[in-house]
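[1] I'll drop the sequence and a predicted model, then ask my questions.
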2 protein chains.
Amino acid sequence: MEDVAKLAGVSISTVSHVVNETRPVAATTRDRVLAAIETTGYTGNAIARSLVTGGTKSIGVAMSLLANPHLPQLLHAIEAEATAAGYTVLLGDTLDTEDGERAAVRKLQARRVDGMLLTPAPGDTSTLEQLARTGVPAVLVDRVSHKIKLDQVGPENIQSTSTLVQHLAAAGHRRIAFISGVEWMSASEERTLGYRLGLGRAGLRWDSNLVAGGGATHEDGVLAMRRLLTVPERPTAVISGNGAMTAGAYREARAHGLDIGRDMAIVGHDDVDWAELVTPAITTMTHPVDEIGRTAVRLLLARLDDPERPPETTLLHPTLIHRGSCGCA
Amino acid sequence: MEDVAKLAGVSISTVSHVVNETRPVAATTRDRVLAAIETTGYTGNAIARSLVTGGTKSIGVAMSLLANPHLPQLLHAIEAEATAAGYTVLLGDTLDTEDGERAAVRKLQARRVDGMLLTPAPGDTSTLEQLARTGVPAVLVDRVSHKIKLDQVGPENIQSTSTLVQHLAAAGHRRIAFISGVEWMSASEERTLGYRLGLGRAGLRWDSNLVAGGGATHEDGVLAMRRLLTVPERPTAVISGNGAMTAGAYREARAHGLDIGRDMAIVGHDDVDWAELVTPAITTMTHPVDEIGRTAVRLLLARLDDPERPPETTLLHPTLIHRGSCGCA
DNA sequence: ATGGTTCCCGCAAGCGTTTGCTCAGACGAG
DNA sequence: CTCGTCTGAGCAAACGCTTGCGGGAACCAT
């Protein structure tokens, strides 16, 4: 910067003002400075800037890099939105454990990020408290909970699952089963709730035999489907609580010789990338992942702008992607 | 920090030395400082530290967040290895375009990362030159090129494709086709090379009718397979150049009523997550993604440690995941 | 001419750490 | 008792930038 100033024949403060457009500079002077910057290849030192301004223009993203099925899309959306606002993204892997989360958050804090996007690990609370205590603005992504007074963004689960039920009911199904997710996740609870809600709206009765699960993996889906196929008056349609389990259920149904779409309708949540590669392609509720990412960043920036604004929870509605596995049409 | 010093009744320089263990401090003094740190809740300011030390203990990762099929695994490995060494990961999305790449690299440089991991966008060179010019240590990940004098890590393509050919030949196939990737990627060239090499080793003749492609998407795979199915004396086995095309080829073959594994063997590269969800499951060469990520970080750290060491290119060998789609067994 | 405005721009004080120098005191040896 | 050695700790100068304050030149109206 000193070199630039010297080359342009001005003081470094003028260079600073030119770079930041922080006070009017005579056109000719500005041009000279700009030229000097060009020839010296000067790149501002964000570190030094941060030291004096107090902000780092960076946000931390703490989530499980492996457990999130939408990570690429989500990160892409976050990165784009952040970059557009002049922010950089720092990564922290929570490993989906309390300890990992604590470590990730600490690390990000030590880096003095201006704010954080966090997908909390199961069972956690202490980290959230620490966040609140240290006053680092944060918004919770994807795993939403009403008992927390923080900004949050996530998919809407109740109505969307209900939609799934109603869609199947409209196609004539009367025995609609549900493969539920792991219990500690509020998303699972909500989807289960939505299932019941949908049944009610469709005028169908809840039958505990038609609910299987409590898992999240491919294998869990296999087992759940296996069990559902043994219940008397077996279901003609199955709704799966998450992407991986949908795959397992799908395989298992086919392994039993069922023609998916005809003998058995299968629909799921989470639009995984292979959903349309299998035959029949899977009908799912697809999450507005991009929108979630962007909204999260926007919420964070809004809070950075006005720390006093009341916490806000945004639920984004999944949309039904109608493909072959539900058998209608 | 000043508060800590005051509270402990020492100078801030002593506090610094206690924190960094950078010079012996009398036990009693140290204890007092430590206690003071505890009660004040002091957390070192990484920003200020960076300003004076010149290093940021951070590395930039510049790649296409969307185009890389292994992003989660790769990022996870990178993050873990970096964190273990006390480094933080900054993200930059190249969008897989020259402009995006340039912007990402610039941004990361402005953040003064100590080094970068880069998956270069197609056709790029200018960014690499700039990197070299500005002297920011970098290692190229996944997309390797021999004409570049930088540290590089990526999958080995020639031998591994050859292995695929030989595997099929050993199962009795004589008409083995190849769906090649896009031309500008060195990985594609290498795989094509490996295909020819494998043919040679298996004592088979190269037949230009059996090479289709020049793409990367699902649709490209569909078209390539469609064409292959029209050649006289049609192939009994197909090797696909990348994951998405494998899916397309698979679908198209099945759409033609072929029983994959019996009528037609299909094997591919890139072990995508749905490879074992389809029936028959797909035999593929799976890339050692974790290893690639870890190695990349290690290479970078080594260079940070000794900037003068000669550039090194590490090729990691994919391994054959034997599943049903090749029909042998 | 002269006082008052307006425009531009330079000065210098930090921002929170690290670190080379320096120094005071304690202790042994001569 | 003096001097050389250590050990332990403080001083102050950077690091590269932002920004409040102040000053000089040019211009206008009187």
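    Alright, I've got the coordinates.
[2] is it true that A:I158 touches A:E190?
    Yes - contact criterion C-beta atoms under 8 Å: A:I158 and A:E190 qualify, at 5.0 Å. For the C-beta atoms, the positions are set from N, CA and C on the backbone; glycine is no exception.
[3] And these two? Which one has more around it.
    Ranked by neighbour count (other C-beta atoms under 10 Å in any protein chain shown), A:I158 and A:E190 place A:E190 first, with 22 against 18.
[4] Tell me if I'm right that A:L316 and A:P288 touch.
    Yes - the criterion here is C-beta under 8 Å, and A:L316 meets it with A:P288 at 4.7 Å.
[5] the helices in the stretch 101-250 of chain A, which residues?
    Counting by DSSP state H, counting those that start in this stretch, the stretch 101-250 of chain A has helices at residues A:126-134, A:158-170, A:186-201, A:218-228, A:243-255.
[6] Go through those and name the closest to DNA strand D.
    Closest approach to DNA strand D among these is made by helix A:126-134 (23.2 Å; C-beta to the nearest atom of the strand).
[7] Quick check: the gap between the residue in the stretch 151-300 of chain A that chain B sits nearest to and A:R323.
    Nearest residue of the stretch 151-300 of chain A to chain B (C-beta to the nearest C-beta) works out as A:W274 at 3.2 Å. Remark: distance between A:W274 and A:R323 (C-beta to C-beta, to the nearest Å) = 12 Å.
[8] buried ones in stretch A:255-263?
    Buried positions in stretch A:255-263, judged by neighbour count with 16 or more other C-beta atoms under 10 Å in any protein chain shown: A:L258, A:I260, A:G261.
[9] For A:V139, state which of the residues you listed is nearest.
    A:I260 (38.9 Å; C-beta to C-beta).
[10] ok, that closest one to DNA strand C distance?
    A:I260 is 60 Å from DNA strand C, where distance means C-beta to the nearest atom of the strand, to the nearest Å.
[11] try A:T28
    7 Å.
[12] Next, see if the helix or strand harbouring that residue gets close to DNA strand D.
    Using DSSP states H and E, A:T28 sits in helix A:27-40. No - using C-beta under 7 Å from any atom of the strand, helix A:27-40 stays clear of DNA strand D, with a minimum separation of 10.4 Å.
[13] Name the next helix or strand following that helix along the chain.
    helix A:46-53.
[14] and whichever helix or strand comes after that following helix, what other elements does it pack with?
    Downstream of helix A:46-53, the first helix or strand assigned by DSSP H and E is strand A:58-63. Strand A:58-63 sits against helix A:71-84, strand A:88-93, helix A:98-110, strand A:115-118, with contacts defined as 3 or more C-beta pairs under 8 Å, 6 or more residues apart in numbering or on different chains; DSSP states H and E.
[15] does DNA strand C sit close to the helix or strand of chain A with the lowest mean pLDDT?
    In chain A, the helix or strand scored least confidently by mean pLDDT, DSSP states H and E is helix A:126-134, which has a mean of 83. No - under the criterion of C-beta under 7 Å from any atom of the strand, DNA strand C is not reached by helix A:126-134; the shortest gap measures 14.1 Å.
[16] Give me the angle between that helix and helix A:98-110.
    Angle, helix A:126-134 to helix A:98-110, by axes from the mean of the first three to the mean of the last three C-alpha atoms, to 10 degrees: 20 degrees.
[17] So what's the gap between helix A:126-134 and the chain middle?
    What separates the centre of helix A:126-134 from the centre of its chain is 21 Å, taken as C-alpha atoms, centre = their mean, to the nearest Å.
[18] buried set for that helix?
    A:T127, A:L128, A:L131.
[19] Alpha carbons of that helix, as CSV, please.
    Output in CSV follows, covering the C-alpha atoms of helix A:126-134 (Å, rounded to 0.1, in the frame of the first residue of the first chain):
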residue,chain,number,x,y,z
SER,A,126,-24.4,-26.1,25.7
THR,A,127,-23.0,-24.9,22.5
LEU,A,128,-26.0,-22.8,21.8
GLU,A,129,-25.7,-21.3,25.2
GLN,A,130,-22.1,-20.5,24.7
LEU,A,131,-23.0,-18.8,21.4
ALA,A,132,-25.6,-16.7,23.2
ARG,A,133,-23.2,-15.9,25.9
THR,A,134,-20.4,-14.8,23.7
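[20] Name all residues that make contact with the residue nearest to A:L193 when sequence neighbours are not counted.
    Leaving aside its sequence neighbours, A:L193 sits nearest to A:I158 (C-beta to C-beta, 6 or more residues apart in numbering or on different chains; 5.3 Å). With contact set as C-beta atoms under 8 Å, 6 or more residues apart in numbering or on different chains, A:I158 has these partners: A:E190, A:R191, A:L193, A:G194, A:L197.
[21] So A:I158 versus A:L164, what's the distance?
    Distance from A:I158 to A:L164, counting by C-beta to C-beta: 11 Å.
[22] where do the contact lists of those two overlap?
    A:G194.
[23] that older thread, name the helices or strands packed onto the helix holding A:T28?
    Applying 3+ C-beta pairs under 8 Å, 6+ apart, one finds that helix A:27-40 contacts helix A:2-8, helix A:12-20.
[24] between those, which one is nearest to DNA strand C?
    In terms of C-beta to the nearest atom of the strand, the element of these nearest to DNA strand C is helix A:12-20, at 3.2 Å.
[25] Pull out the buried residues from that closest one.
    A:T14, A:V15, A:S16, A:H17, A:V18, A:V19.
[26] and the gap between the last one and DNA strand D?
    If you measure A:V19 against DNA strand D using C-beta to the nearest atom of the strand, the figure is 6 Å.
[27] List the contacts of that residue.
    Residues counted as contacts of A:V19 (C-beta under 8 Å, 6+ apart) are A:I37, A:G44.
[28] Report the beta-bridge partners for A:G154.
    A:L315 (DSSP bridges).
[29] Kindly report the same for A:A62.
    Residues in beta-bridge contact with A:A62 (DSSP bridges): A:G92, A:L118.
[30] if we can go back for a sec, just the buried residues of helix A:126-134 now: which is nearest A:G115?
    Looking across the buried residues of helix A:126-134 and measuring by C-beta to C-beta, the closest to A:G115 is A:L131, at 10.0 Å.
[31] so what's that closest one up against?
    A:L131 makes contacts with A:V105, A:M116, A:L118, A:A138, A:L150, as judged by C-beta under 8 Å, 6+ apart.
[32] What number of neighbouring residues does the closest residue to A:R201 other than its chain neighbours come out with?
    Closest residue to A:R201 apart from its sequence neighbours, by C-beta to C-beta, 6+ apart: A:Q166 at 5.9 Å. Residues near A:Q166, counting by other C-beta under 10 Å, number 17.
[33] Tell me which residues touch A:Q166, please.
    A:G198, A:R201, A:A202.
[34] Was I right to think the first one contacts A:A170?
    If I follow you right, that is A:G198. No - with contacts counted by C-beta under 8 Å, A:G198 stays clear of A:A170, the gap being 10.7 Å.
[35] Spatially central residue for chain A, please.
    A:D142 (4.3 Å; C-alpha atoms, centre = their mean).
[36] So what does that one have for phi and psi?
    Main-chain torsions, A:D142, degrees, to the nearest 10: phi 80, psi -40.
[37] What's the separation between A:D263 and A:P235?
    Taken as C-beta to C-beta, the span from A:D263 to A:P235 is 11 Å.
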